[in-house]
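Engineer: Below are the sequence and a predicted model for it; my questions follow.
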Amino acid sequence: MHRAEQIIQAATTAIAGQSDVAAAVFAHRTLSLSAADQELPAICVNDGPDQPTAENGYSNLAFVDSSLRLDISIYAQGDTQQDVATELYRLRSVVHRALLADPRTLGLSFVMGIAYGGADKPDYPPDGAPLAGSMDVSYSVMYRMDLTSPE
């Protein structure tokens, strides 16, 4: 399994393992979420760009250091916009604690660190019933892979 996929799975597991998550946690899933199927609140861990940290593409002749952006989407619903916002920010805190806990490696020996990458403001679609909202958060995961094999 490619190291990027291992990172996504480990991040999903770390978030789901938080004692106060109280939400479904999925890897590679956003388009098929359904409030009608009671899948909210939810946290979806998706991959973003994966870029080498060295300008020429590799750090030396033996390995590549790369930075994988995790794009994490948080979904919540509630009776009021304030309820939705409160839940979105609560879940954002859960994600933050899960990914930035020491040591910031997700339990993977090839991960060198994780950095917070920012968040978008909450989005509240006007046609939702029940009232729902989402928030996107990103983190950069710096990792190392062999020059000839990404596993």
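Structural biologist: Now that the structure is in, tell me what you want to look at.
Engineer: At which residues are the strands of this protein located?
Structural biologist: For the chain, applying DSSP state E gives strands covering 24-27, 42-52, 63-78, 111-119, 131-146.
Engineer: Give the closest residue to the residue in the chain sticking out farthest from the centre in space, chain neighbours not counted.
Structural biologist: Distance to the chain centre peaks in the chain at residue 61, reaching 30.7 Å (criterion: C-alpha atoms, centre = their mean). What sits nearest to residue 61 in space, not counting adjacent residues and going by C-beta to C-beta, 6 or more residues apart in numbering, is residue 147, at 6.7 Å. Bear in mind the C-beta positions are built from the backbone N, C-alpha and C, glycine included.
Engineer: Equivalent analysis for residue 117, please.
Structural biologist: Nearest non-adjacent residue to residue 117 (C-beta to C-beta, 6+ apart): residue 138, at 3.6 Å.
Engineer: Is the one you found bridged to anything, and to what?
Structural biologist: residue 71, residue 118 (DSSP bridges).
Engineer: where's residue 46 relative to residue 130, distance?
Structural biologist: 24 Å (C-beta to C-beta, to the nearest Å).
Engineer: Equivalent analysis for residue 108, please.
Structural biologist: Per C-beta to C-beta, residue 108 is found 38 Å from residue 130.
Engineer: Those two - which one has more neighbours?
Structural biologist: More crowded of residue 108 and residue 130, by other C-beta atoms under 10 Å: residue 108, with 15 against 12.
Engineer: so where's this structure shaky on pLDDT?
Structural biologist: 34-36, 57-59, 128-129 (pLDDT under 70).
Engineer: Check which residues of the longest helix seen in the chain are buried.
Structural biologist: Secondary structure of the chain per DSSP state H: the longest helix is helix 81-99. With burial defined by 16 or more other C-beta atoms under 10 Å, the residues of helix 81-99 counted as buried are 84-85, 87-88, 90-92, 94-96, 98-99.
Engineer: quick revisit: shouldn't the residue nearest to residue 61 be in contact with residue 54?
Structural biologist: No: the criterion here is C-beta atoms under 8 Å, and residue 147 misses it with residue 54 at 11.6 Å.
Engineer: what residues do those two have in common as contacts?
Structural biologist: Both residue 147 and residue 54 are contacted by residue 64, under the criterion C-beta atoms under 8 Å, 6 or more residues apart in numbering.
Engineer: Setting the sequence-adjacent residues aside, check what's closest to residue 51.
Structural biologist: Counting by C-beta to C-beta, 6+ apart, the residue nearest residue 51 is residue 67, at 5.5 Å.
Engineer: This completes my enquiry, with thanks.
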